[in-house]
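Asker: Make a model of this:
(2 chains)
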Amino acid sequence: DAGVTQSPTHLIKTRGQQVTLRCSPISGHKSVSWYQQVLGQGPQFIFQYYEKEERGRGNFPDRFSARQFPNYSSELNVNALLLGDSALYLCASLGLAGGPLETQYFGPGTRLLVL
Amino acid sequence: GNSVTQMEGPVTLSEEAFLTINCTYTATGYPSLFWYVQYPGEGLQLLLKATKADDKGSNKGFEATYRKETTSFHLEKGSVQVSDSAVYFCALSKAAGNKLTFGGGTRVLVKP
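Answerer: Sure thing, here's the model as predicted:
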């Protein structure tokens, strides 16, 4: 079975641009979470979606938005990019209702560099 | 709020040495605790987890015990290999939204 897939793998943008990152969860998983991992730090929670609805949002500005599609894939959008948005963006999928005991399976990430 | 603190690296060891990475947490109630591993250039892989006090998670020779009294979840391995070189993250999950709160990570380098 395929794991969590993310695209693109790498991306270079300039300040002020907009970017869209994509994630496909494990087949049968209905919940997707997004995390930002700045170099040398632990991942920080951005969003969680379940059944196309937002279930949680981390402490990120409104420039960050996301959505989930009927096939449970997800997109993360970041507008007005800043240098500080340079990071590895990780997507994780969960199997069932996304309750606190569910295991999150991570994709390989999209590495974004903002120049 | 919830937080996780883990020992800073890098930790450099020789092959077959004993590894310990300390992790303590702050959270109300009874969070679930996790160790994730990140190999160079890759995403995160779940290494082990424990969901209640005194539970021991284990996988691939790694172990960690959920200690409620000391709010700790230290990772141990008795005999490391070069292939264990990676960054290890301790994390907790508590909220109904299931977000993970991670520590800062500990880089481990095992030399032959």
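
Asker: residue boundaries of the helices in chain A?
Answerer: With DSSP state H as the criterion, chain A has no helices.

Asker: Chain B contacts on that one?
Answerer: Within reach of chain B by Cβ under 8 Å from any Cβ of the partner chain, chain A has these residues: A:4, A:31, A:33, A:35, A:40-45, A:48, A:55-56, A:58, A:90, A:92, A:94, A:98-109. To be clear about C-beta, it is placed using only N, CA and C from the backbone, and glycine gets the same treatment.

Asker: Identify the residues contacting B:G43.
Answerer: By Cβ atoms under 8 Å, 6 or more residues apart in numbering or on different chains, the contact set of B:G43 is A:4, A:90, A:106-109.

Asker: Chain B against chain A: which residues are in contact?
Answerer: For chain B, the residues in contact with chain A (Cβ under 8 Å from any Cβ) are B:4, B:31-32, B:36, B:42-46, B:49, B:51, B:89, B:91, B:93-105.

Asker: Can you say which of the residues of chain A next to chain B are buried?
Answerer: Among the residues of chain A next to chain B, those buried by neighbour count (16 or more other Cβ atoms under 10 Å in any protein chain shown) are A:4, A:31, A:33, A:35, A:42-45, A:48, A:55-56, A:58, A:90, A:92, A:94, A:98, A:100, A:102, A:104-109.

Asker: Those residues in strands, which ones?
Answerer: Using DSSP state E, the subset of these located in strands is A:31, A:33, A:35, A:44-45, A:48, A:55-56, A:90, A:92, A:94, A:105-106.

Asker: Point out the least confident one among those.
Answerer: Least confident of those in the model: A:L94, at 85.
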